[in-house]
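>>> Would you be able to build a 3D model of this:
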Amino acid sequence: VLLVVGCPCALVISTPVTIVSGLAAAAKRGILIKGGVYLEQGRGIKAMALDKTGTITEGRPKVTEVRPIGDLSPDHVLRLAASLDAGSDHPVARSVTAAWDAGKASAVGPLLRVENLTSFPGRGASGSIDGTTYFIGNHRFGHERGVCSPQVESVLAELEAKGQTTVVLTDESTVLGVLAVADTPRASSIEALRALHAMGVTTVMLSGDNQATAEVIARSVGIDDARGGLLPEDKLTAIRDLIAKHGAVGMVGDGVNDAPALAEATVGFAMGAAGAGAALETADVALMLDDLRGVPEFLSFSRRTSTILVQNISFALGSKAIFFILAVF
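I've put the predicted structure just below:
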């Protein structure tokens, strides 16, 4: 009797069946989890880091304003910027190129040929047009190149205070123009962040955009902490700091720049449909519906799975203990 009661079948079966059921239930809701270990680790997450563009926002920004700085016309500034950004996959760069629509092309001319195109990850790009080298990038890129005059800073501050992303076009020594790009927060993101707060999870925005814009977007959606102006290595450092502070940390992103942070986080989440290949490859969970509400749903699955695991193991060991005692007596 003791040998039969001591058989570990019930104990062994209780774990994989629960994990597989959790993985299957999550998959039906568009949450693809790469392994049971990530489903189990999710219950311990105390902080969630999130990228801005394409994660919290729609990821379909549009150029709202073109401000020439100097003698160039707005169309000339936009044409140069769109030509430089034509080869980039970044959402902001795509929005600049898309702004040079068929109407402008027919009225002014097609995009210009760019030579020696060079990318600066997390900053911008440069290239030669008709023998002149131009640079296009974010506020930080302009600062690093030392071309942002007080006039330019004033324009940048005005646009960033509205929550818009700024793009600076320069030649080798001066700023030629500033473009404002606006991206709308997803309605589902606001619901997801509320659900995370209700679960006791701290939310942190990690954005490559400037600090002022990041703070405006963070306030509009209810994020606890906004950190802007981050390069890929800065996001990685931020994740390590959050892990040291909170223990288990999740990271949600969709771009190549997010891949190092996704790999470092306890559980990495990638936007499945719109996410870059590097982000999907690195992440532990893919949100195939591109809906941030999948993150609190995943945490709920993880916590529920953990509860059922404890119940199953307790029942298996408890019933064995009872029969052991009865057998002895």
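>>> C-alpha only now, for contacts and for neighbours.
Noted.
>>> Would you mind checking which helix or strand in this structure has the lowest mean pLDDT?
Lowest by mean pLDDT, DSSP states H and E among the helices and strands of the chain is helix 102-107, with a mean of 74.
>>> same question for the helix or strand that that one is followed by, mean pLDDT?
Proceeding N to C from helix 102-107, the next assigned helix or strand is strand 115-120, under DSSP states H and E. Across strand 115-120, pLDDT averages out at 90.
>>> Just the CA atoms from strand 115-120 would do, formatted as CSV, please.
C-alpha atoms of strand 115-120 as CSV (Å, rounded to 0.1, in the frame of the first residue of the first chain):
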residue,chain,number,x,y,z
GLU,A,115,24.7,58.7,-51.9
ASN,A,116,26.8,57.4,-49.1
LEU,A,117,23.8,56.9,-46.9
THR,A,118,24.9,56.1,-43.3
SER,A,119,22.6,55.1,-40.4
PHE,A,120,23.2,56.1,-36.7
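>>> what's downstream of it, the next helix or strand?
strand 124-129.
>>> what angle sits between that following strand and strand 115-120?
Using axes from the mean of the first three to the mean of the last three C-alpha atoms, to 10 degrees, the direction of strand 124-129 lies 170 degrees away from that of strand 115-120.
>>> Against which helices or strands is strand 124-129 packed?
helix 74-85, strand 115-120, strand 132-137 (3 or more C-alpha pairs under 8 Å, 6 or more residues apart in numbering; DSSP states H and E).
>>> which SS class is the closest residue to Cys148 other than its chain neighbours?
Residue nearest to Cys148 in three dimensions, not counting chain neighbours: Gly142, with 6.0 Å by C-alpha to C-alpha, 6 or more residues apart in numbering. Three-state call for Gly142 (DSSP: H, G, I helix; E, B strand; the rest coil): helix.
>>> do you know how far the closest residue to Asn257 other than its chain neighbours is from Ala218?
In space, Asn257 comes closest to Pro232 once its chain neighbours are excluded; the distance is 5.0 Å by C-alpha to C-alpha, 6+ apart. Distance, Pro232 to Ala218, using C-alpha to C-alpha, to the nearest Å: 20 Å.
>>> neighbour-wise, which of the two wins?
The neighbour count for Pro232 versus Ala218, taken as other C-alpha atoms under 10 Å, is higher for Ala218 (22 against 19).
>>> which element is that one on?
Taking DSSP H and E as the criterion, Ala218 maps to helix 211-221.
>>> which strands and helices sit next to the helix or strand following that helix?
Using DSSP H and E, the helix or strand that directly follows helix 211-221 along the chain is strand 225-227. The contact analysis (3+ C-alpha pairs under 8 Å, 6+ apart) places strand 225-227 against strand 202-206, helix 211-221.
>>> In its sheet, which strands sit next to strand 225-227, and in what direction?
The pairing partners recorded for strand 225-227 under DSSP bridges are strand 202-206 (parallel).
>>> Rounded mean pLDDT for the strand it pairs with, please.
The pLDDT scores in strand 202-206 average 95.
>>> ok and that strand relative to helix 211-221, angle-wise?
Computed by the same axes, to 10 degrees, the angle separating strand 202-206 from helix 211-221 equals 140 degrees.
>>> Mind listing residues that contact strand 202-206?
Applying C-alpha atoms under 8 Å, 6 or more residues apart in numbering, the external contacts of strand 202-206 come out as 46-52, 193, 196-197, 214, 218, 223-228, 230, 235.
>>> Can you flag the buried ones in the residues you listed?
46-52, 193, 196-197, 214, 218, 223, 226-228, 230, 235 (16 or more other C-alpha atoms under 10 Å).
>>> Please point out which parts of stretch 136-149 sit buried.
For stretch 136-149, by 16+ other C-alpha under 10 Å, it's 136-142, 147-148.
>>> Let me fix that, I meant to ask about stretch 120-139.
Buried residues in stretch 120-139, counted by 16+ other C-alpha under 10 Å: 122-129, 133-139.
>>> One more: stretch 94-112?
For stretch 94-112, burial by neighbour count (16+ other C-alpha under 10 Å) applies to 94-100, 111.
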